[in-house]
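Trainee: Return a 3D structure for these sequence lines:
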Amino acid sequence: MNNSRIALITGASRGIGAATAKRLAADGFTVMVHYHQSQQQAEQLAAAIGGFAIRADIGDFAQIDTMINEIISRYGRIDLLVNNAGIAVNGLFQDISDEQAMRLMTVNLGGAMHTAKRVLPHMLREHAGCIINVASVWGEVGAACEVHYSAAKAGIIGFTKALAKEVGLSGIRVNCVSPGVIDTDMNRMHDAAVMAELADETPLARIGQPDDVAHAIAFLASEQAAFITGQVLPVNGGFNI
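Mentor: Numbers count the residues shown, from 1 in each chain. Below is the predicted model:
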């Protein structure tokens, strides 16, 4: 049984998730590096930080259940959940197929909610725990050609606030970070001109880095944030003022 704090980060093999895994490991957590397809990257990261790589499709609730059961069997508890896994499809609302729409909503919102649902009993048993959801500035202001993604991330914000009210008396904090435009694989589907335009629209005049979000998550997971719950922490360089 591991005596350090146990953190589960979904979508941890790359981008924001990987940066968060490194930061939390530096802060003393044993990190569960969740991945879906990027096995080699996840296993290399887990080995580098003394964590554990674990696979699940966040769009498949049965796989989420299996993942949580394996973590509990190995480590006995989960102290911190970071719901970071997400997918995006760029296209006009009416051009997104029903299958794509369902997948977008299930992975980005339903999967996060189900993961939290399965982790919560173990936090309730300890009367302690922290859940941090990763939303998006598009969940606050909406984005053309990313309607389903925007709707799901708006749902993440609502989920965060409602769950924080429900579990606060049980000693569990629930917050979310809301990244702006971050230099990740997801945003590399945009061409250089679009990214430059987005940087120009940002008061700090740059695209964010995964570490910018990781530091915000680490703060919300720390004792310095012990009296913070139900909040949305923007990490967007002033994009949404």
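
Trainee: part of a strand, is residue 8?
Mentor: Yes - Residue 8 sits within a strand when classified using DSSP: H, G, I helix; E, B strand; the rest coil.

Trainee: and it, what does it touch?
Mentor: By C-beta atoms under 8 Å, 6 or more residues apart in numbering, the residues touching residue 8 are 31-32, 34, 68, 71, 78, 80-82, 115, 119. From N, CA and C alone the C-beta is placed, and that goes for glycine too.

Trainee: Contacts made by stretch 213-232 with the rest, please.
Mentor: Where contact means C-beta under 8 Å, 6+ apart, the residues beyond stretch 213-232 that reach it are 7, 16, 19-20, 22-24, 27, 29, 80, 82, 130, 132, 134-135, 140, 157, 160-161, 164-165, 168, 173-179, 182, 233, 235.

Trainee: and that stretch, what's its mean pLDDT?
Mentor: Confidence for stretch 213-232, expressed as mean pLDDT, is 99.

Trainee: Just the endpoints, please. Distance across that stretch?
Mentor: Distance across stretch 213-232, first residue to last, is 12 Å (C-alpha to C-alpha, to the nearest Å).

Trainee: how near is residue 19 to residue 60?
Mentor: Shown here: residue 19 relative to residue 60, a distance of 26 Å by C-beta to C-beta, to the nearest Å.

Trainee: Neighbour count: the two, which is higher?
Mentor: Set side by side, residue 19 and residue 60 show more neighbours around residue 19, with 23 against 15, by other C-beta atoms under 10 Å.

Trainee: Looking at the contacts of stretch 213-232, which are in helices?
Mentor: Among those, the members found in helices (DSSP state H) are 16, 19-20, 22-24, 140, 157, 160-161, 164-165.

Trainee: Please identify which pair of the residues you listed lies farthest apart.
Mentor: Longest distance between any two of those is 32.0 Å, between 22 and 165; criterion C-beta to C-beta.

Trainee: picking up where we left off before, can you tell me which of the ones in helices among the contacts of stretch 213-232 are buried?
Mentor: Those of the ones in helices among the contacts of stretch 213-232 that meet the buried threshold are 16, 19-20, 22-24, 140, 157, 160-161, 164, by 16 or more other C-beta atoms under 10 Å.

Trainee: about what we covered before: any chance of TSV for the contacts of residue 8, columns distance to residue 217, pLDDT and neighbour count?
Mentor: Conversion of the contacts of residue 8 to TSV gives the following (distance: C-beta to C-beta, whole Å; pLDDT from 0 to 100; neighbours: other C-beta atoms under 10 Å):
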residue	distance to residue 217	pLDDT	neighbour count
31	12	99	29
32	15	99	27
34	15	99	28
68	20	99	23
71	19	99	21
78	15	99	24
80	9	99	23
81	11	99	29
82	6	99	32
115	16	99	27
119	16	99	24
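
Trainee: just these now: which is nearest residue 205?
Mentor: If you rank the contacts of residue 8 by distance to residue 205 using C-beta to C-beta, residue 82 comes first, at 28.3 Å.

Trainee: What about the closest residue to that closest one other than its chain neighbours, how many residues nearby?
Mentor: Leaving aside its sequence neighbours, residue 82 sits nearest to residue 9 (C-beta to C-beta, 6 or more residues apart in numbering; 4.3 Å). Residues within reach of residue 9, counting by other C-beta under 10 Å, total 30.
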